[in-house]
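[1] Below are the sequence and a predicted model; questions follow.
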Amino acid sequence: MRYLFAVILLFLSLLSSAQKGKSDSLQSSWGYNYIATFEGGFDSLKRFIGRHTIIPDSLPDLSFTKRGLLKFVVKKDGSTGYFEILEKVGYGYDEAIIAAIKLTKWFPAKENGVAVEEILKLPYAAINF
């Protein structure tokens, strides 16, 4: 195993949505008082993922760069779950990103002071020099 320089290309997509109650429909997070955030903000999230992403040696060595997109839920208690890889990097890297995100703790989205689940999309890249 080796550490890889992980680069978060964009912060969490503006296309986040939140789930209200037991409804199966997703609502836009724009109507909520607070959206889910990582403690310390974007820079802290980049550092956290960079430190906690360990990938198998199967990633190609020569100037490899590929982008991925992960969708996940920030639960009411700030934990994460329900992961779905929308755009795959491969070589075990996507699973390594999921493992790092599982370690994170978030401030959940809130509506009228009540925590709600929020679906987020996280673009990322695997860059190997």
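    Perfect, thanks for sending it. What you see is a predicted model; the values in this text were computed from it and never measured.
[2] quick one: low-confidence parts of the chain?
    For the chain, the stretches flagged by pLDDT under 70 are 1-33, 56, 59-64, 128-129.
[3] Which residue ranges of it form strands?
    Per DSSP state E, the chain carries strands over the ranges 2-3, 6-7, 17-19, 26-28, 37-38, 54-55, 64-74, 80-87, 106-107, 109-111, 114-128.
[4] Kindly tell me how buried the residue nearest to residue 73 when sequence neighbours are not counted is, as a neighbour count.
    Closest residue to residue 73 apart from its sequence neighbours, by CB to CB, 6 or more residues apart in numbering: residue 82 at 4.3 Å. For glycine as for every other residue, the C-beta is placed from the backbone atoms N, C-alpha and C. Taking other CB atoms under 10 Å as the criterion, the count of residues near residue 82 is 11.
[5] just residue 49 next, same as before
    Around residue 49 there are 21 residues (other CB under 10 Å).
[6] Is it correct that residue 77 is in contact with residue 105?
    No - if you go by CB atoms under 8 Å, residue 77 and residue 105 don't touch, sitting 9.0 Å apart.
[7] Using a markdown table, lay out the strands of the chain together with distance to residue 94.
    Formatted as a markdown table, those follow (distance: least, CB to CB, whole Å):
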| stretch | distance to residue 94 |
| --- | --- |
| strand 2-3 | 17 |
| strand 6-7 | 12 |
| strand 17-19 | 22 |
| strand 26-28 | 23 |
| strand 37-38 | 19 |
| strand 54-55 | 10 |
| strand 64-74 | 6 |
| strand 80-87 | 5 |
| strand 106-107 | 20 |
| strand 109-111 | 25 |
| strand 114-128 | 9 |
